[in-house]
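1. Compute the structure for the input listed below.
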Amino acid sequence: QVQLVESGGGLVQPGGSLRLSCAASGSIFSIKAMGWYRQAPGKQRELVAAVTSDGMTNYADSAKHRFTISRDNAKNTVYLQMNSLKPEDTAVYYCNADISTAQAMGVYFDDYWGQGTQVTVSS
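-> Next up, the predicted model:
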């Protein structure tokens, strides 16, 4: 059993900052990419940022120059530092990871999702 547990969401004023964390736990053999997605009311879920196991990053245009994704491979944890937050960043943020379990031993990987954490940017 693999779980992704997110933390760090909340209410922040425009221009403020938040740091999201997501820890993967359970019977994990290996993790490839880890990332953050978000879904605003009435909109589709979209990629915010992703990072590979060797540190290569990818950002949505809306996140560039404001958000920074990082990961600690020893802790199976991914972070999203969000600065200069705007009201349009309001959404539920979901952690995602491409994980091979101890049973799979790297032969195949499955997509796992966290339960989501609410980020609200409002004055």
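2. For the residue nearest the centre of the chain, list each beta-bridge partner.
-> The centre of the chain sits closest to W36, judged by C-alpha atoms, centre = their mean, with a distance of 2.7 Å. For W36, the beta-bridge partners are A49, C95 (DSSP bridges).
3. give the contact list for it.
-> By C-beta atoms under 8 Å, 6 or more residues apart in numbering, the contact set of W36 is 20, 22, 47-50, 69, 78, 80, 93-96. Yep, even glycine has a C-beta here, placed from its N, CA and C like the rest.
4. If we use 10 Å, what do you get?
-> Counting by C-beta atoms under 10 Å, 6 or more residues apart in numbering, W36 makes contact with 6, 20, 22, 47-51, 59-60, 63, 67, 69, 78-80, 82, 93-96, 114, 117.
5. now swap in Q1 and tell me
-> The neighbourhood of Q1, defined by C-beta under 10 Å, 6+ apart, consists of 25-27, 101.
6. do F109 as well
-> 29-33, 97-101 are the contacts of F109 under C-beta under 10 Å, 6+ apart.
7. and with 8 Å instead?
-> By C-beta under 8 Å, 6+ apart, the residues touching F109 are 30, 32, 98-100.
8. again with L4
-> Contacts of L4 (C-beta under 8 Å, 6+ apart): 22-24, 95-97, 112-115.
9. Now it. Nearest residue, chain neighbours left out?
-> Leaving out its chain neighbours, the residue that sits closest to L4 by C-beta to C-beta, 6 or more residues apart in numbering is G114, at 3.8 Å.
10. before we move on, the earlier item: selection in ChimeraX covering whichever of the contacts of L4 are buried, please.
-> Buried residues within the contacts of L4, by 16 or more other C-beta atoms under 10 Å, are selected in ChimeraX with:
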select :22,23,24,95,96,97,112,114
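11. Distance of S21 relative to P41?
-> 24 Å (C-beta to C-beta, to the nearest Å).
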